[in-house]
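> Coordinates for the following, if possible.
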Amino acid sequence: SQPNGKADDLNQDDTVSKEVQGCSFTLKGTYVVGNSTSADMTFDRAFQVLSKCGMSGPVILKMEPGTYKAYVDLTNVVGMTASTPLTITSTTGDSSDVVIEGIIDDATFDIANTYHVTISNITVKGFSGGAHSTAIRLLGNNKNLVIRGCHLDVPTMNSTATSDVAIYSNQNAMPDTVLYIIGNTFTGNGAIYLYGNNAKRSHDVRIDSNSILSPYYYAIFTYYYDIRSINNNFIHKDASESSCQYGIYPLGTYGVANHATTISNNRVHGSYYYSLYMTNCYSMGYTSQNINYPLLITNNEFIFSGSNSGYNFTFWNSGGYLIIANNTFIVPKGATRTYMMSMYTYNPGHFKFMNNNFVNYGSCTNIFYTNWSNQNTYMDVWDYNNYWIGNGQFNFNGATSKTVAGFSSILSNNRDANSTEMDPKIIYDDSIAKPSQWAGLLCPMADSVYTDILGMQRSTMTYKGCYSETFNLDAALLGFTEPAYESV
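Next comes the predicted model:
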């Protein structure tokens with residue numbers, strides 16, 4: 001032949017080669033993974049086979065203690081179906097024993113197109129040597145993904161970038177279905193950022209029982225992810241630390257069918273611009289006003305320490321039928337706040353607001369603020385709250401009052417008629433903020449709030465705020481007394 005119209009003067013480069021990687025087996029069963037002589041496979045070998053060759057049955061990868069620096073690709077795993085679950089865990093059950101640390105300026109784990117994957121009891125760290133860091137990135141179309149009992153960490157870079165969080169998703173076309181993030185510890189720059197698509201919504205999300213320590217910008221953020229529950233989370237920043245932007249921020253959730261969405265039993269302590277910020281949130285479907293499945297904001301504890309001009313507990317176009325009950329709000333001594341709770345524009349879904357406990361020991365300008373004059377049109381119940389307002393005030397579209405009686409008059413229609421203005425003498429530290437004075441806090445139990453923040457059963461008459469006191473009424477036999485007269 002005459003390549004390029006002339007004789008070939010270098011025929012040594014005419015050979016075409018192709019490298020083919022074959023698979024001698026696929027994964028099926030339980031494997032011990034690590035560097036010991038008793039391990040079935042090394043870490044690199046196990047995940048190479050998983051990503052290149054796939055699965056032919058249920059797989060459990062049990063990691064031996066150690067630190068593994070790697071990029072883990074769990075996208076398009078061959079053979080993964082609803083009947084072939086994958087579990088990645090540690091041999092000891094202790095998350096601190098197994099550390100998987102990123103090696104690139106990107107995510108440590110990439111997960112997409114999976115079925116029934118569980119990641120449990122390991123530590124996943126984002127890359128610490130680059131400009132950005134993510135521990136686990138969700139790339140979409142995951143079904144029944146559970147992340148449980150893990151330590152998830154990214155470096156604290158004082159970054160506001162949405163991807164500089166431990167669990168990150170920003171997807172437009174491939175939603176996730178059934179995503180449970182339960183019982184994890186998050187440290188570093190941010191914890192959870194889930195950004196979806198209104199037309200193709202991710203569905204059935206639980207974010208429960210997690211500890212989120214010292215987040216810089218995002219603790220929990222969801223957008224177009226339909227929430228089942230955000231419950232029992234502990235989100236904490238020291239008063240000396242810089243303010244975090246978002247504590248809990250669910251945006252545009254439509255909930256789960258036939259299930260009341262709950263944001264309950266959370267403890268959010270520290271300085272946040274928004275401790276809880278909600279907008280366009282529904283319990284069981286868009287426009288749903290079903291009173292049998294309300295959106296429940298109950299038994300939460302907010303301690304607003306430090307100094308911040310933010311809006312803290314905020315509702316903006318809140319959405320469906322809503323019950324806000326038995327929450328505790330505290331501005332401690334030395335703290336400065338502009339707002340403790342605020343409602344903006346309107347809530348056409350109607351709501352009940354009752355049995356909450358507001359305590360201002362610091363300097364808070366507005367205990368409650370709204371900018372919409374017709375807000376009280378949609379208040380089905382607003383009563384049995386307690387306010388210790390200190391130097392603060394109530395501000396209802398410019399009408400202000402420094403007393404509960406004055407605020408009740410502004411609200412009209414006997415709202416807050418049974419509310420109180422007393423100091424519950426809160427005893428608080430980094431983990432709890434419980435009243436020591438219970439007299440005056442007694443109130444009827446709110447709809448659907450059957451327990452307190454600690455899971456203790458409430459009775460039909462209970463207490464304002466997130467705690468329900470139990471009193472020691474035990475009796476004991478002290479002795480016998482002989483009757484003075486014979487019985488007849």
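> Was I right to think residue 415 contacts residue 408?
Yes. Judged on CB atoms under 8 Å, residue 415 makes contact with residue 408 at a distance of 6.1 Å. All C-beta spots, glycine's among them, are computed from the backbone N, C-alpha and C.
> what do those two both touch?
Residues touching both residue 415 and residue 408 by CB atoms under 8 Å, 6 or more residues apart in numbering: none at all.
> can you pull out the strands in the stretch 351-488 of the chain?
Remark: strands assigned in the stretch 351-488 of the chain by DSSP state E, counting those that start in this stretch are 351-354, 357-360, 363-370, 379-383, 386-388, 393-396, 399-401, 426-428, 433-435, 442-444, 461-463.
> Point out the most buried one among these.
strand 357-360 (a mean of 26; mean count of other CB atoms under 10 Å).
> Partner strands of the helix or strand containing residue 99, with direction?
For residue 99, the enclosing helix or strand under DSSP states H and E is strand 98-101. In the sheet containing strand 98-101, its partner strands are strand 66-69 (parallel), strand 123-125 (parallel), by DSSP bridges.
> can you give me the end-to-end distance of stretch 58-73?
18 Å (CA to CA, to the nearest Å).
> Flag the shaky bits of the stretch 301-450 of the chain, pLDDT-wise.
Applying pLDDT under 70 to the stretch 301-450 of the chain flags residues 317-318, 345-349, 373-375, 430.
> Tell me which stretches of it form helices.
Using DSSP state H, counting those that start in this stretch, the helices assigned to the stretch 301-450 of the chain run over residues 404-411.
> Next, count neighbours for residue 384.
23 (other CB atoms under 10 Å).
> ok, and what's touching the strand holding residue 99?
63-70, 72, 90, 92, 108-109, 121-125, 127-128.
> name the helices or strands packed onto the helix or strand that it is followed by?
Once the chain leaves strand 98-101, the next helix or strand it forms, by DSSP H and E, is strand 107-112. In terms of contacts (3 or more CB pairs under 8 Å, 6 or more residues apart in numbering; DSSP states H and E), strand 107-112 is packed against strand 72-75, strand 98-101, strand 123-125, strand 134-138.
> quick one: the third one to chain centroid distance?
Yep, that's strand 123-125 we're talking about. Taking CA atoms, centre = their mean, to the nearest Å, the mean C-alpha location of strand 123-125 is offset from the chain mean by 19 Å.
> go on, stretch 210-225?
For stretch 210-225 - counting by CA atoms, centre = their mean - the centre lies 6 Å from the chain centre.
> Rounded mean pLDDT for it, please.
In this model, stretch 210-225 carries a mean pLDDT of 95.
> So how do I select the buried members of the contacts of strand 98-101 in PyMOL?
Filtering the contacts of strand 98-101 down to the buried ones (16 or more other CB atoms under 10 Å) takes a single PyMOL command:
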select buried, resi 63+64+68+72+90+108+109+121+122+123+124+125+127
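> Model confidence score at residue 487, please.
The model reports residue 487 with a pLDDT of 44.
> Sorry, wrong one. I was asking about residue 130.
According to the model, residue 130 carries a pLDDT of 78.
> Chain neighbours aside, what residue packs nearest to it?
Of all residues not flanking residue 130 in the chain, residue 105 sits nearest, at 2.9 Å (CB to CB, 6 or more residues apart in numbering).
> That neighbour and residue 128 touch, don't they?
No. When contacts are counted by CB under 8 Å, residue 105 is not listed as touching residue 128 (10.0 Å).
> how about residue 188, what does it touch?
126, 133, 153, 154, 155, 156, 166, 214, 215.
> nearest to residue 203, of these?
residue 166 (21.8 Å; CB to CB).
> Just give the number of residues close to that closest one.
With other CB under 10 Å as criterion, residue 166 counts 32.
> ok, now how distant is it from residue 62?
23 Å (CB to CB, to the nearest Å).
> One more: residue 42?
Noted for residue 42: a distance of 13 Å to residue 62, by CB to CB.
> Those two: who's more crowded?
Set residue 42 next to residue 62 and count neighbours by other CB under 10 Å: residue 62 wins out with 20 against 15.
> Pretty sure the more buried one sits against residue 29.
No. Between residue 62 and residue 29 there is no contact under CB under 8 Å: 11.1 Å.
> Find the residue closest to residue 241 in space, skipping its chain neighbours.
residue 214 (6.1 Å).
> who are the neighbours in contact with the one you found?
Counted by CB under 8 Å, 6+ apart, residue 214 has contacts 156, 187, 188, 236, 237, 238, 241.
> of the residues you listed, buried ones?
187, 188, 236, 237.
> Okay, and the beta partners of the second one?
Pointing back at residue 188 there. Assigned bridge partners for residue 188, using DSSP bridges, are residue 154.
> Pull up the gap between it and residue 298, please.
30 Å.
> just the last one next, same as before
For residue 237, the distance to residue 298 equals 23 Å [CB to CB].
> The closest residue to residue 459 other than its chain neighbours: how many residues sit nearby?
Of all residues not flanking residue 459 in the chain, residue 445 sits nearest, at 6.8 Å (CB to CB, 6+ apart). The number of residues packed near residue 445 is 18, by other CB under 10 Å.
> Contact partners for residue 445?
So residue 445 contacts 355, 458, 459, 460, 461, 462 (CB under 8 Å, 6+ apart).
> contacting residues for the fifth one?
If a contact means CB under 8 Å, 6+ apart, then residue 461 has 442, 443, 444, 445 as its contacts.
> switch the cut-off to 7 Å
442, 444 (CB atoms under 7 Å, 6 or more residues apart in numbering).
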